[in-house]
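Enquirer: Quick one: sequence plus predicted model below, questions after.
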Amino acid sequence: MAGVNPATKYIASNTLTSHEWQPSVFLSGDIAEKVSKLKQQPGPDLHVYGSANLLQTLMKHDLVDAFWLKIYPLTLGSGKRLFADGTIPAAFKVTYSKVSPNGIIIANYERAGAVTTGSV
């Protein structure tokens, strides 16, 4: 569409230095500090796609405000954990959910203040 500015793609990498998507900004070094600064700037929400390592870093530094999860009705027996060692305690609330005809659960969880314990 003419006149529409494409979204900036932020790429967290210690090896890549170029990408065909423009505009692209490469982040290396202390990613948590750089993402924290980006979150303080005005602009659209930041999204993470397909990077379990980056997500773990962001969760450990309390930089995740929401999760869009797709939960599939199968187990593979191994793989990366979403909430690995070092994840800080954080409360979330469901703001959207849907179950597909195939049993896939789609859910949005957003931050919900302090962690409370004692009831389900």
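Expert: Yes, it's here.
Enquirer: Tell me the pLDDT of the residue nearest the centre of the chain.
Expert: The centroid of the chain falls nearest to Val48 when counting by C-alpha atoms, centre = their mean (4.3 Å). pLDDT, Val48: 89.
Enquirer: OK, contacts around Ala114?
Expert: Ala91 (C-beta atoms under 8 Å, 6 or more residues apart in numbering). Backbone N, C-alpha and C define where each C-beta goes, glycine included.
Enquirer: I'd like the distance between it and Pro89.
Expert: As judged by C-beta to C-beta, to the nearest Å, Ala114 and Pro89 stand 9 Å apart.
Enquirer: Check Thr95 too.
Expert: Thr95 is 20 Å from Pro89, by C-beta to C-beta.
Enquirer: Looking only at neighbour counts, state which of these two leads.
Expert: Thr95 (12 against 8; other C-beta atoms under 10 Å).
Enquirer: Which helix or which strand is home to the more buried one?
Expert: Assigned by DSSP states H and E, Thr95 belongs to strand 92-99.
Enquirer: Just give the strands next to that strand in its sheet, each with its orientation.
Expert: Strand pairing for strand 92-99, determined by DSSP bridges: strand 105-111 (antiparallel).
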